[in-house]
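Visitor: kindly return the folded structure for what I paste below:
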Amino acid sequence: MIFQNVTIGTNLRFNKVTNAWENIGNPIICKNVVIADGAKILGPIIIGENSVVAAGAIITKDIPANSVAYGVNQFKPKDGKYDLVFNSNMINFEKIIEANNKLIAKFGGNKQ
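Guide: This next block holds a predicted model:
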């Protein structure tokens, strides 16, 4: 699953000293990967199966299977007890509206 404003592409560069191209190739995204909003996945890398790339992450290095990638080339093992960002048993929109209404009420009570 790939969310909005995601970039998947090359970070190809030409080395003037060696007169050769470097970082040749594009990312490989394995099965069951979730790529959240605004993530950038660049270069000849592999994003391992069942991984999640967090919103806004910039990834230019391989990410092992069953990981959460975040920040700039950071990753940690994925906690098997949780699905991040997506699960086929998605939350009912009414619960989201209820939670947002509680937050709005809390905000309204904190006016300065």
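Visitor: please, where are all the strands along the protein?
Guide: Using DSSP state E, the strands of the chain run over 7-9, 13-15, 20-22, 28-29, 34-35, 40-42, 46-47, 52-53, 58-59, 67-70, 74-77.
Visitor: now render these as TSV, adding mean neighbour count, distance to Glu98 and mean pLDDT.
Guide: Every residue, glycine included, has its C-beta placed from N, CA and C. Output for the strands of the chain, formatted as TSV (neighbours: other Cβ atoms under 10 Å; distance: least, Cβ to Cβ, whole Å; pLDDT from 0 to 100):
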stretch	mean neighbour count	distance to Glu98	mean pLDDT
strand 7-9	13	34	97
strand 13-15	10	50	96
strand 20-22	10	52	96
strand 28-29	16	35	98
strand 34-35	22	25	96
strand 40-42	20	34	98
strand 46-47	20	35	98
strand 52-53	28	26	98
strand 58-59	22	35	98
strand 67-70	22	28	98
strand 74-77	14	32	98
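Visitor: in JSON lines, list those along with distance to Met90.
Guide: JSON lines is the format used below for the strands of the chain (distance: least, Cβ to Cβ, whole Å):
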{"stretch": "strand 7-9", "distance to Met90": "24"}
{"stretch": "strand 13-15", "distance to Met90": "41"}
{"stretch": "strand 20-22", "distance to Met90": "42"}
{"stretch": "strand 28-29", "distance to Met90": "22"}
{"stretch": "strand 34-35", "distance to Met90": "13"}
{"stretch": "strand 40-42", "distance to Met90": "24"}
{"stretch": "strand 46-47", "distance to Met90": "23"}
{"stretch": "strand 52-53", "distance to Met90": "16"}
{"stretch": "strand 58-59", "distance to Met90": "25"}
{"stretch": "strand 67-70", "distance to Met90": "20"}
{"stretch": "strand 74-77", "distance to Met90": "24"}
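Visitor: who touches Lys31 in this structure?
Guide: In this structure, Lys31 makes contact with Glu49, Asn50, judged by Cβ atoms under 8 Å, 6 or more residues apart in numbering.
Visitor: could you rerun that using 7 Å?
Guide: Glu49 (Cβ atoms under 7 Å, 6 or more residues apart in numbering).
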